[in-house]
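Novice: Show me the folded form of this:
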Amino acid sequence: MARQFFVGGNFKLNPSSLQASTSLIETLNNANLDPKTEVVIAPPALYVIPVQQIVRKDVKVAAQNCYFKESGAFTGEISPKQLVDAGIPYVILGHSERRTLFHEDSALVATKTRSAIDAGLKVIFCIGETLEQRESGKTAEVCEEQLKAFVGVSKEVDWSKIVIAYEPVWAIGTGKVATSAQAQETHADIRAYLVKAVSPAVASSVQILYGGSVTAANCKELAQQPDVDGFLVGGASLKPEFVDIINARK
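Specialist: Now for the predicted structure:
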C-alpha cells in the first residue's frame with residue numbers, strides 16, 4: 001500500500017520567545033506546501049496551544065514529550081489526557097535526547113507510548129544508534145531493542161497510531177547525515193523486524209521517517225528511497241528551508 005509522506009518539525013527548546021515562534025508559523029502559513037504530505041510541528045510545551053491556534057489547519061501540532069500518568073503529583077509533567085483535551089493529536093516519544101540526557105530507557109518509552117495511544121494520541125516513536133554502535137555493526141540490533149519493548153505491550157491495531165522516526169544519534173545536530181543507502185538499509189531492516197515481531201501488514205503500512213541533519217540540500221535524494229516515508233527535522237525546521245523539505249517529493 002502507498003504510505004503518505006510525512007514531515008515533522010521538532011523545534012526542541014527553540015525559539016526563546018512566542019514572537020519568534022509566531023514568525024516561524026507565518027512562514028509555514030504563507031508557504032505553498034505539498035498537499036500530499038502530512039506536516040506536524042512540535043514547538044516547546046509552553047507554546048503548543050498558542051501555535052495550534054495560529055497555524056494553518058493542514059499542519060498538525062505535536063507535543064515533544066508526555067508522562068504516562070493521567071494526573072497526580074508529578075511536577076513539571078504533561079499527561080496524554082491533557083494533550084488530548086487540548087486538541088493536540090501527536091506526541092514525540094523516545095527521542096535520543098530524552099533517552100540520553102533524561103535517562104529514559106526503552107521500557108519507560110514503551111510505557112509512555114502505551115499510555116499515549118490509550119489516551120487517543122498518535123506517537124512519533126524515535127529510535128536510533130550511536131556512532132560507536134554503528135561502527136560496531138549493531139545498528140539493526142539497537143533499533144530492534146528500542147522497538148521490542150513497545151512490541152511487548154502493543155496490539156497490532158496500535159501500530160496505526162505509530163510513526164517511527166529513525167534518527168541515528170551521530171547525525172542529530174552534527175551536520176553529518178546518513179547516506180541515502182544507509183538510511184534505506186536501516187529502514188528496510190526495521191520493516192523486516194516488524195514483519196517477524198508484529199505482522200507483514202504493519203511492516204508494509206507503518207511510516208518510517210529519517211531524522212538527522214536533514215536539509216533542503218539532501219532531502220530529495222533521501223525522499224526517493226523506497227522505505228523512507230518522510231523526515232523528522234530538527235534545526236532545519238526553524239529555517240525557511242523547512243518548506244523545501246516538506247516539498248521534497250513535490
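
Novice: which residues sit against stretch 142-159?
Specialist: Under the contact criterion C-beta atoms under 8 Å, 6 or more residues apart in numbering, stretch 142-159 has outside partners 94, 106-107, 109-111, 113-114, 117, 125, 127-129, 133, 162, 164, 166, 186, 189-190, 193-194, 197-199, 201-202, 205-206. No exception for glycine: its C-beta is placed from N, CA and C like everyone else's.

Novice: Of all the residues in stretch 160-177, which ones are buried?
Specialist: 161-172, 177 (16 or more other C-beta atoms under 10 Å).

Novice: Looking at this structure, name the residue that lies furthest from the middle.
Specialist: Ala73 (28.1 Å; C-alpha atoms, centre = their mean).

Novice: SS state for that one?
Specialist: coil (DSSP: H, G, I helix; E, B strand; the rest coil).

Novice: Please report how far it lies from Ala119.
Specialist: 19 Å (C-beta to C-beta, to the nearest Å).

Novice: same thing with Val153?
Specialist: Counting by C-beta to C-beta, the gap from Val153 to Ala119 is 15 Å.

Novice: Helix or strand next in line after the worst-scoring helix or strand of the chain on mean pLDDT, which one?
Specialist: Least confident element among the helices and strands of the chain, by mean pLDDT, DSSP states H and E: helix 131-135 (a mean of 92). Following helix 131-135 in sequence order, the next helix or strand is helix 139-151 (DSSP states H and E).

Novice: Return the list of helices and strands in contact with the very next helix or strand once past that next one.
Specialist: Under the assignment DSSP H and E, the closest C-terminal helix or strand after helix 139-151 is strand 162-166. Packed against strand 162-166, as judged by 3 or more C-beta pairs under 8 Å, 6 or more residues apart in numbering; DSSP states H and E, are the following elements: strand 6-10, strand 122-127, helix 139-151, helix 180-197, strand 207-210.

Novice: That's all I had, so thanks and see you.
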